[in-house]
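>>> I would like to see how this sequence folds:
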Amino acid sequence: MSASEAPPAAAAARASGERVWTVLELLRWTTEHFSAQGIDSARLDAECLLAHALDVERLRLYIDFDKPVNDAERGSFRELVRRRARERVPVSQLVGRKEFWSLPLRVTRDVLTPRPETETLVQVALDLLAGAARPARVLDVGTGSGAIALAIARECPDCAITATDISQEALIVAQENAEELGMTQRIRFLEGNLLEPVCGEQFDLIVSNPPYLALSERSELPPELAHEPERALFGGPDGLDALVGLVAQAGPRLAPGGAVACELAPGQAERVAELCRAAGLERVSVHRDLAARARVVSARRALERGDA
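Purely as a prediction, here's the structure:
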C-alpha cells in the first residue's frame, strides 16, 4: 500500500513523517509472517492476537481497519506474535481464552485447549440423554477445563453432573470456569484418576475425553502440543491405556440402561468398540465428527430383567 493509497486516518498520521502502522497493515504483515512460519491458521491467529492486544472484539478490527496502532499496543502485540511464531505457543494460551460450545472458557498450560472435534462428544452425550426419564446423573472423567461438563450443564439444566480429574491444577481452572458461567452449584468437582473418586456410585451417563495420543507418535505431532499437559495428551505407547481402564471400570459405575461415550483417535475406534463388547456393554456405536472421522465410541449397560 503506497502513501497515496493509505486510509485517511493513517495518511493524516503519516503527515508528521513518521512510520505509522494501522490495524490492517499489522494484520497483513502478521498473516504473511505466520504463513512463512508454517502456521496454518495464520489470518485467524493474527486477528485473535491483535484483538487481544487492543482489547477489542475481532469485528472491531475491520471497523477500525485504518486506525493507527500506538507504540504501547504494538509492543504488546509484538510479544504475542513472537511467542506464537518462535515458541509456537497456542493462541488460546496467549489470550487465556477459548470458545467451546459457544461458552467462553479460561485456558492455561494446566489444561488441554478445548477442540472443535470434542463438540462431537457433547452432541453424542446429549443424544444419549434425550430419552432419560428422570434427571440424569452424569459423570465427566478427565474434565480438564470443564468444557464437556459445562456444555452438558448448559443444555441439560436438570442434570446432576460430577466432573473428575487427576490434576488439581486442572480442577482449579474448571471450577473457575464454572464460577464465571454461574454453574458452581450444578457441578461437583472431584480429584482422582479415572473413576476412582466415585467408587460405589452409579451414573446414567459417563463421558470422557481421555488422553489417547500414542507416545510413539510424539515426534510427528504439532509443536503447539508441547505447551499442553502431557498426561492429558498421551495414553501410553499406543494411546489406549486410559481408554482400556475407563471401559473396564465403566460397567459397574453405570446404572442399568446407562451409557458411556469416549472421544478417541480415529484409528482406535474399532479396538475400543471391541473392548466395550468384551466388557458386556451393548448397543456399541461409532460416531463420526464433522470431518467424517471416527471420533466417539458409545455403548450401554443392559437393562435389568423387568426394566422397561
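>>> so where's this protein shaky on pLDDT?
Counting by pLDDT under 70, the ranges of the chain that qualify are 1-18, 133, 304-308.
>>> make it 80
The model of the chain has pLDDT under 80 over residues 1-19, 131-134, 304-308.
>>> ranges for the helices of it?
All helices of the chain, identified by DSSP state H, fall at 8-14, 23-36, 42-54, 58-63, 71-86, 91-95, 118-129, 147-155, 168-180, 241-253, 269-278.
>>> Would you enumerate the residues in contact with the residue most central in space within the chain?
In the chain, the centroid-proximal residue (C-alpha atoms, centre = their mean) is P114; its distance is 0.5 Å. The contact partners of P114, by C-beta atoms under 8 Å, 6 or more residues apart in numbering, come to K98, F100, L105, V107, G144, S145, A147. (Glycine included, C-beta is placed from N, CA and C.)
>>> so of those, which ones are in strands?
Residues of these located in strands (DSSP state E): K98, F100, L105.
>>> isn't the last one right next to T143, touching?
What that stands for is L105. No - with contact defined as C-beta atoms under 8 Å, L105 and T143 do not form a contacting pair (11.5 Å).
>>> I'd like the distance between V81 and M183.
Going from V81 to M183 by C-beta to C-beta, to the nearest Å gives 35 Å.
>>> Count the neighbours of S167 for me.
S167: 18 surrounding residues under other C-beta atoms under 10 Å.
>>> Pull the contacting residues for the nearest residue to it once chain neighbours are set aside.
Spatial nearest neighbour of S167, chain neighbours left out: D110 (6.4 Å); criterion: C-beta to C-beta, 6 or more residues apart in numbering. By C-beta under 8 Å, 6+ apart, the contact set of D110 is S167, E169, A170, I172, V173, P229.
>>> Contact partners for the third one?
Going back to what we said before, that points to A170. D110, V111, T143, G144, S145, P229, A232.
>>> Which two among those residues are spaced furthest apart?
Spatial extent of the contacts of A170 (C-beta to C-beta) is set by the pair T143 and P229 at 12.9 Å.
>>> Between the two, point out the one with more neighbours.
Shown here are T143 and P229; by other C-beta under 10 Å, T143 has more neighbours (31 against 18).
>>> distance of the more buried one from L50?
The gap separating T143 from L50 is 32 Å, by C-beta to C-beta.
>>> what bridges to the closest residue to E180 other than its chain neighbours?
Spatially, and ignoring its direct neighbours in sequence, E180 is nearest to R106 (7.1 Å; C-beta to C-beta, 6+ apart). With DSSP bridges applied, R106 shows beta-bridge pairing to R97.
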